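**Student:** 3D, please:
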Amino acid sequence: MIAIEKYLNFKDVDIIIGDFNSGFINDNLNYKTAGILFQNGYLYFKKYEDKGYVDLNKNKEIYSFITRNKANFFRIDHCFVKDTNLKVRYIDEFLEKNISDHKGILVEKNI
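**Tutor:** Numbering: from 1, shown residues only. Model prediction:
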């Protein structure tokens, strides 16, 4: 996250996307039982937002990752965009087919 922040000081990019292994506080859908409270939303993600990026799935109570015991649901995969005419959604196929413990991220133009 620090490397991305530094890179944004020199380059103008349209999309920041990846498995950040963290999130905004409410990206842990069951934080009361999981015992993990994300704070990077206040630290690094806020800096991306200050540079004009938007996480279109912020505060939507959706998840992108599930633990192996299927007990904890997190949104640790994020896509920050400058163009709010885009649609960013998670697709379940990777989870459903046991290819990954993460959902895929699909970025589309809104029509």
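**Student:** what bridges to the residue nearest the centre of the chain?
**Tutor:** With distances taken as C-alpha atoms, centre = their mean, residue 78 lies nearest the centre of the chain, 1.9 Å away. For residue 78, the beta-bridge partners are residue 18 (DSSP bridges).
**Student:** Use 50 as the first number from now on
**Tutor:** All set: I'll call the first residue 50, so the last point we hit is now residue 127.
**Student:** Which pLDDT value belongs to it?
**Tutor:** pLDDT, residue 127: 95.
**Student:** Report the contact partners of it.
**Tutor:** Residue 127 makes contact with 65, 66, 67, 69, 72, 94, 104, 106, according to C-beta atoms under 8 Å, 6 or more residues apart in numbering. In this view, the C-beta of every residue, glycine as well, is placed from N, C-alpha and C.
**Student:** between these, which is nearest residue 53?
**Tutor:** Top of the list for closeness to residue 53, among the contacts of residue 127 and by C-beta to C-beta, is residue 65 at 6.1 Å.
**Student:** out of the contacts of residue 127, which are buried?
**Tutor:** 65, 69, 72, 94, 104, 106 (16 or more other C-beta atoms under 10 Å).
**Student:** Now go through those residues and say which are in strands.
**Tutor:** 65, 104 (DSSP state E).
**Student:** Helices of the protein, residue ranges please.
**Tutor:** According to DSSP state H, the chain carries its helices in the segments 51-57, 80-83, 89, 95-99, 142-145.
**Student:** most packed of those?
**Tutor:** Across the helices of the chain, averaging neighbours per residue (mean count of other C-beta atoms under 10 Å) puts helix 89 on top, at a mean of 18.
**Student:** Run through who's touching that one.
**Tutor:** In contact with helix 89 (C-beta under 8 Å, 6+ apart) are residues 50, 69, 71, 72, 73.
**Student:** Could you find the closest non-adjacent residue to the fourth one?
**Tutor:** Leaving out its chain neighbours, the residue that sits closest to residue 72 by C-beta to C-beta, 6 or more residues apart in numbering is residue 87, at 4.4 Å.
**Student:** swap in residue 154?
**Tutor:** residue 128 (5.4 Å).
**Student:** where does the one you found sit relative to residue 155, distance-wise?
**Tutor:** Distance of residue 128 to residue 155, given as C-beta to C-beta, to the nearest Å: 9 Å.
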